[in-house]
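K.L.:
need a 3D model of the following:
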Amino acid sequence: MKFYPTPFTVYKSEQTKYLLCLQLQTDLVSRRLPAKLADLVVLGSLMVQMELGTFDQTLHHGNYIVSIQLAPQYMQTIELANDIMEKHRFTTSGMSKFEAVNQYLDYAQRLPLYGTTMFSVEVPVKQRDISRTDAKTD
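P.N.:
Numbers count the residues shown, from 1 in each chain. Reported below is the predicted structural model:
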């Protein structure tokens, strides 16, 4: 089932677009919206730009993104954090919050499972009766 709007440009309010970004980020972290590592780096750097603004070496040092959850728990590694911080420093810096919002939504809507909700389904398996044998005994 598809739940997210496509295209996101139907929303005129920047605040509505920002809230949609936050919902998508929650879905990425909770694995409701699966994404590859490379996608998490791009989307993570854009989220950092939205939340912390342009990279400033006097403010942003060490693991400055530690307070923002940018990936599912099992995927959060130092390498991922370093890749996101590097992309934030060199690619998204200088971008306004709302430019980052629009780029985030543009990128997210191209994810293969954007807007799709997955449901777990259990199919009962018919069990065979093993108490009876068909072999003839003499």
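
K.L.:
pLDDT weak spots in the chain?
P.N.:
Scanning the chain with the threshold set as pLDDT under 70 gives 1-6, 128-138.

K.L.:
show me the contacts for the residue sitting nearest the centre point of it.
P.N.:
Central residue of the chain (Cα atoms, centre = their mean): Leu28, 2.5 Å from the mean position. By Cβ atoms under 8 Å, 6 or more residues apart in numbering, the residues touching Leu28 are 35, 40, 43, 70-72. Glycine gets a C-beta too; all of them are placed from N, C-alpha and C.

K.L.:
next one: Leu113
P.N.:
33-34.

K.L.:
quick check, it in a helix?
P.N.:
No. With DSSP: H, G, I helix; E, B strand; the rest coil as the criterion, Leu113 is assigned coil and is not in a helix.

K.L.:
now it: how far from Pro7?
P.N.:
17 Å (Cβ to Cβ, to the nearest Å).

K.L.:
what does Arg110 give?
P.N.:
Distance from Arg110 to Pro7, by Cβ to Cβ: 11 Å.

K.L.:
what's around Asp39, how many residues?
P.N.:
The tally of other residues near Asp39 (other Cβ atoms under 10 Å) stands at 18.

K.L.:
element containing it, please.
P.N.:
helix 37-52 (DSSP states H and E).

K.L.:
what comes up buried for that helix?
P.N.:
Within helix 37-52, the residues that count as buried by 16 or more other Cβ atoms under 10 Å are 39-50, 52.

K.L.:
and the next element down the chain from that helix?
P.N.:
Counting by DSSP H and E, the element after helix 37-52 in chain order, helix or strand, is helix 78-87.
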